[in-house]
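1. Just to be clear, the model below is a prediction. Sequence and coordinates:
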Amino acid sequence: MAKISLKDRIVFITGASSGIGAACARAFAAEGARLLLAARRVERIEAMKVDLREAGAAAVHAFSLDVQDRDAVEQAIAHLPAEWSAIDVLVNNAGLSRGLDKLWEGKTQDWEEMIDTNVKGLLWVTRAVVPGMLARGRGHVVNLGSTAQEIAYPSGNVYCGTKAAVKLINDGLRIDLLGTPVRVTSIDPGMVETEFSQVRFRGDQERAEKIYQNITPLTPEDVADAIVWSTTRPSHVNVAHVLMTTVDQANSLLFNRKS
Ligand code: NDP
Ligand code: 8X3
């Protein structure tokens, strides 16, 4: 069977202002998709628009969204311009880590931000988008998991827990959608060099850079490539999970640091 063409299909990417989300926007642009892009820093997405059109995007629509805000998510999806409402692919990418502390020393505010974004935000967006996919009889939800969902690492406690939740929410959604044409995929990368560690360490550049020292990390483009691949398989194929790392990483705990 033929692979799916994403030409003129609407691809909604949360957290499109940076890292993997921005790379997904470029990769889906190259497929000729119509890009619906959201993040809190919408000005960053606005600045990407011309390049995305030059890269092949059929159209680009950007809006500001904090996925933690359930009402804002519901309103934004319910009031999309008519020509943007028929979402074909949802990439639940918005997410973050905050801090790297032993559990009893962790900041409760950090925990809330991670849970509210990585778990509850993903749920709010999914709940708002999936009914339309069911009504139209087509759609694909891609969730960003992590190697952190498989094996916890020291002081990763709550972040790892949020990604473990994503894993089972991903699987639960696929079970609930059995008997429909809507597909569900979790893309689970190891270390990818993005702004992730700068966010985790609240702008401490030196500490962030150390995370990727002496290894060759995945690039955001590597992950976007897997996401586009999973969404372009023939319509009867559901890629459940893609666990991917750099060759310098075996799992959450084991690295080949070249020094
Ligand atoms: P970045 O920090 O580079 O990008 C994170 C994106 O998420 C930004 O666009 C940010 O936009 C958005 N975001 C964060 N909070 C919110 C929010 N409340 N509402 C809307 N958007 C939000 O990190 P990555 O690209 O690395 O991370 C993307 C996803 O990939 C995350 O889910 C992360 O957990 C996951 N991941 C990352 C890995 C890595 O090693 N980098 C490995 C495995 C998974 P803005 O701040 O403008 O709102
Ligand atoms: C992000 C990868 O290993 O920094 O999910 O948690 S890791």
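-> Thanks, I have the structure now. Ligands and ions are numbered 1, 2, ... in the order given.

2. For whatever residue of the stretch 1-150 of the chain ends up closest to ligand 2, which non-adjacent residue is spatially closest?
-> Ligand 2 sits closest to residue 146 of the stretch 1-150 of the chain, with a gap of 3.2 Å, by Cβ to the nearest ligand atom. (Glycine included, C-beta is placed from N, CA and C.) Once flanking residues are discounted, residue 146 sits nearest to residue 163: 4.2 Å by Cβ to Cβ, 6 or more residues apart in numbering.

3. State the distance from that neighbour to ligand 2.
-> Applying Cβ to the nearest ligand atom, to the nearest Å, the value for residue 163 to ligand 2 is 6 Å.

4. what's near enough to touch that residue?
-> By Cβ atoms under 8 Å, 6 or more residues apart in numbering, residue 163 lies in contact with 118, 145-146, 148-149, 188.

5. In a helix, it, correct?
-> Yes - membership of residue 163 in a helix is supported by DSSP: H, G, I helix; E, B strand; the rest coil.

6. which SSE is the residue of the stretch 51-200 of the chain found nearest ligand 1 in?
-> Minimum separation of the stretch 51-200 of the chain from ligand 1 (Cβ to the nearest ligand atom) falls at residue 95, amounting to 2.2 Å. Under DSSP states H and E, no helix or strand contains residue 95.

7. does it really touch residue 144, like I thought?
-> Yes - counting by Cβ atoms under 8 Å, residue 95 touches residue 144, with 5.9 Å between them.

8. on that earlier part again, out of the contacts of residue 163, list just those in strands.
-> Judged by DSSP state E, the contacts of residue 163 include residue 188 as members of strands.

9. What parts of this protein come near ligand 2?
-> 146-148, 156, 190-191, 252 (Cβ under 6 Å from any ligand atom).

10. coming back round to it: any chance of TSV for the contacts of residue 163, columns pLDDT?
-> Converted to TSV, the contacts of residue 163 look like this (pLDDT from 0 to 100):
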residue	pLDDT
118	99
145	98
146	98
148	98
149	98
188	98
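
11. Include distance to ligand 1 and neighbour count when you put the contacts of residue 163 into JSON lines, please.
-> Shown next, in JSON lines, are the contacts of residue 163 (distance: Cβ to the nearest ligand atom, whole Å; neighbours: other Cβ atoms under 10 Å):
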{"residue": "118", "distance to ligand 1": "6", "neighbour count": "27"}
{"residue": "145", "distance to ligand 1": "7", "neighbour count": "26"}
{"residue": "146", "distance to ligand 1": "4", "neighbour count": "27"}
{"residue": "148", "distance to ligand 1": "7", "neighbour count": "24"}
{"residue": "149", "distance to ligand 1": "9", "neighbour count": "23"}
{"residue": "188", "distance to ligand 1": "7", "neighbour count": "24"}
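
12. ok so, going back, residues touching the residue of the stretch 51-200 of the chain closest to ligand 1, list them.
-> 15, 117-118, 121-122, 144, 162.
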